[in-house]
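>>> Any chance you can model this:
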Amino acid sequence: MPLDPDIFLSHPPIETRQRITPNKVILYALGVGATELPFVYEDGLKALPGMAVIMAYPGFIWRDPKLGVDWKKILHGETSVTCHAPLPTSGELIGSSTFGPIFDKGAAKGAVVYQTREIHHEDGTHVATVRNATFLRGDGGYGGSSDGQPAPHAIPDRAPDIVHTLTTAENQALIYRLSGDMNPLHADPAVAQAAGFPRPILHGLCTFGIAGRSLLAALGDNAPERIKRIDARFSSPVFPGETIQTEIWREGDGTAAFRAKVVERDLVVLNNGYTEFQ
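Numbers count the residues shown, from 1 in each chain. This next block holds a predicted model:
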């Protein structure tokens, strides 16, 4: 049924708190396949920029009946991470999540709801901004407009300047899920088959984190403080064990476009990527 946009736009900010520890930082890094010592060893530990996606995360809020949406028909469309400071490896984080804008694609296509999460450290530091677009396939046609939705970042029509390849492990999803997303779709073969997949798929945000590792290595010399922003759209799932190839196009001073492919199937899995770096 069509959603009521006022329920979202008038919703008070959702506050979440999370205690970050070195163990959690290391677990996230292992979940996206990192082996570099600064990301997996407590002495001199640094957090990967992609970890912002799980920091002070409010959980799968779409099942809240007060929102009145068909949560079974929801797809994660895109994610944007902006790092305002190096991500902390300890301390309490406070997240404040708000809804909007919302775009109506029509009754047959659904609606797109954007959510923004501002993350602060307990010491007052504004750590990161995480923005997600969620595609509500069963909730369009409420009489709203589709005008003004942010356009996807264009991928240049030329060969990439850099190609960076990383492998995933057969148990990659089983490790990544320990960082908070326990959806059985990523672990249970029966659940995956019921959803139309031959076997469990990798979390989209795990794919995002792996591509982020490629951007960090290729553009930031593995110094997390040099990566300031990562945006991407999710286009297809990855199966654990597949190889992810990130293609990067330098666009200007400190900006680049990117996309990620699965090598084995020659399939784009992240598209319209954009990053800012120093």
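
>>> quick one: the strands in the stretch 1-150 of the chain?
Assigned by DSSP state E, counting those that start in this stretch, the strands in the stretch 1-150 of the chain fall at 14-20, 74-83, 91-106, 110-121, 126-136.

>>> and if you look at the stretch 151-278 of the chain?
Using DSSP E, counting those that start in this stretch, strands in the stretch 151-278 of the chain cover 162-167, 227-234, 243-252, 255-262, 267-277.

>>> Including distance to residue 52, mean pLDDT and mean neighbour count, could those go into TSV?
(Each C-beta comes from the backbone N, C-alpha and C, glycine too.) TSV is the format used below for the strands of the stretch 151-278 of the chain (distance: least, C-beta to C-beta, whole Å; pLDDT from 0 to 100; neighbours: other C-beta atoms under 10 Å):
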stretch	distance to residue 52	mean pLDDT	mean neighbour count
strand 162-167	19	98	15
strand 227-234	9	98	21
strand 243-252	18	97	18
strand 255-262	17	98	22
strand 267-277	13	98	21
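
>>> Tell me which of those lies nearest to residue 82.
Distance to residue 82, taken as C-beta to C-beta, is lowest for strand 227-234 among the strands of the stretch 151-278 of the chain, at 4.8 Å.

>>> Enumerate every residue touching the spatially most central residue of the chain.
Among the residues of the chain, the one closest to the centroid is residue 205, at 4.1 Å (C-alpha atoms, centre = their mean). Residues in contact with residue 205, defined by C-beta atoms under 8 Å, 6 or more residues apart in numbering, are 50, 53-54, 76, 79, 181.

>>> at 6 Å instead, please
residue 53 (C-beta atoms under 6 Å, 6 or more residues apart in numbering).

>>> okay, residue 91: pLDDT?
At residue 91, the model reports a pLDDT of 98.

>>> just to revisit the earlier point, let me have the strands of the stretch 1-150 of the chain in CSV, extended by mean neighbour count and distance to residue 31.
Formatted as CSV, those follow (neighbours: other C-beta atoms under 10 Å; distance: least, C-beta to C-beta, whole Å):
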stretch, mean neighbour count, distance to residue 31
strand 14-20, 15, 15
strand 74-83, 20, 16
strand 91-106, 18, 18
strand 110-121, 21, 19
strand 126-136, 20, 17
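
>>> can I get those strands in JSON lines with distance to residue 258?
Formatted as JSON lines, the strands of the stretch 1-150 of the chain follow (distance: least, C-beta to C-beta, whole Å):
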{"stretch": "strand 14-20", "distance to residue 258": "27"}
{"stretch": "strand 74-83", "distance to residue 258": "13"}
{"stretch": "strand 91-106", "distance to residue 258": "25"}
{"stretch": "strand 110-121", "distance to residue 258": "21"}
{"stretch": "strand 126-136", "distance to residue 258": "17"}
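
>>> For the protein, which residues score under the pLDDT cut-off?
Within the chain, the stretches with pLDDT under 70 are 1.

>>> how does it divide into domains?
Taking automatic domain parsing as the reference, the chain has its domains at 5-136, 162-277.
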